[in-house]
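Undergrad: pasting the sequence and the predicted model now:
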Amino acid sequence: MAASNWTIIGNNPLAETLRSGARYIDAATPITIATEPGDVPSDTFVLGPAAIHSQTGRVVPFYAAFEAVDEIAKELRAGTVGRIYGCYVSLRVPRGVAGEDLIYSAVIPSLALALDLLPGNPTRVWAKQASLMTDDDAWFITIRFDDEVIATIEAMATTDATPERELLVEMTGSDRVLRAEPTRQSVVVERVGTGPVVAPWWEDLGERYLQLLTRRAGEPGRDSASRLRTVWNAVLD
């Protein structure tokens, strides 16, 4: 069975999504994913609260599985962007999300995505939590890396739009600018005698994420969760 090498820890919608996808994605070697805090082996992939509340583990951002974001990563590895100057990540979730939920559904995923794309070591972190409409609904984070790259991260609970998540990733280099907006994809249905209906659509990330992990599992030493936790602790300070 394809799912026999997958161990997915957690009792939440994300864990269920991954378990569903594991039925169709084969893993050549055993892979463990933790979506909730706890003691996990060093080679476990951690997501959500597990990423910052476990003492070990490896981080591969869930949204890194979007095909458009994966293409940015490939272009960066190929060097087609030239010298990288900046990275901008914006993730907006529904208005009214509680402060703790905003951290796990927007702030941590945004930080993890920026760190996953940029190879440098963070040297300085600035962070501001500013309420626009309600308490705890916006975070603004700036990270300077040792190669002078600046990452700007915006995580906000301000959208009333559909889809309920609005993700933007932009990478600025000396040769080109790469931009991905994977959640803006939609299907337009036009019925006779009525106006068009726009239905948001994007990839099923469950299966794509598991495919991404099968590639990353063969790259020892990459995706250390300690890097994310170091930056998050600097944000809290």
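TA: Sure, I can see it. Residues are numbered from 1 along each chain as shown.

Undergrad: let's verify the most far-flung residue of the chain relative to its centre: helix, strand, or coil?
TA: With distances taken from the mean C-alpha point of the chain and given as C-alpha atoms, centre = their mean, the most distant residue is Gly193, at 41.0 Å. At Gly193 the chain is in coil, as set by DSSP: H, G, I helix; E, B strand; the rest coil.

Undergrad: for it, give me phi and psi.
TA: Main-chain torsions, Gly193, degrees, to the nearest 10: phi 80, psi 0.

Undergrad: OK, contacts around it?
TA: The neighbours of Gly193, taking C-beta atoms under 8 Å, 6 or more residues apart in numbering as the test, come to nothing; the list is empty. In this view, the C-beta of every residue, glycine as well, is placed from N, C-alpha and C.

Undergrad: with Asn11 instead?
TA: For Asn11, counting by C-beta under 8 Å, 6+ apart, the contacting residues are Glu36.

Undergrad: would it count as being in a helix?
TA: No - checked against three-state DSSP, Asn11 lies outside a helix; its state is coil.

Undergrad: for it, give its distance to Ile84.
TA: In this structure, Asn11 lies at 39 Å from Ile84, with C-beta to C-beta, to the nearest Å as the measure.

Undergrad: can you tell me which residues contact Tyr88?
TA: Tyr88 sits next to 151-154, 168-172 when contact means C-beta under 8 Å, 6+ apart.

Undergrad: pLDDT averaged over the helix or strand harbouring it, what's the number?
TA: Here Tyr88, judged by DSSP states H and E, is contained in strand 84-94. In this model, strand 84-94 carries a mean pLDDT of 94.

Undergrad: next structured bit after that strand?
TA: Heading C-terminal from strand 84-94 (DSSP H and E), you reach helix 99-102.

Undergrad: can you list the residues that contact that next one?
TA: Outside of helix 99-102, the residues that reach it under the criterion C-beta under 8 Å, 6+ apart are 93, 135-137, 139, 155, 157.

Undergrad: for stretch 173-191, same thing?
TA: 63, 66-69, 71-72, 75-76, 80-85, 163, 165-171, 196-203.

Undergrad: those residues in helices, which ones?
TA: Counting by DSSP state H, those place 67-69, 71-72, 75-76 in helices.

Undergrad: on the three-state scheme, Leu210 is what?
TA: Secondary structure, three-state DSSP: Leu210 is helix.

Undergrad: next, give phi and psi for the residue lying closest to it once chain neighbours are set aside.
TA: For Leu210, ignoring the flanking residues on the chain, the nearest one in space by C-beta to C-beta, 6 or more residues apart in numbering is Ile25 at 4.1 Å. The main-chain torsion angles of Ile25 are listed as degrees, to the nearest 10 and equal phi -110, psi 120.
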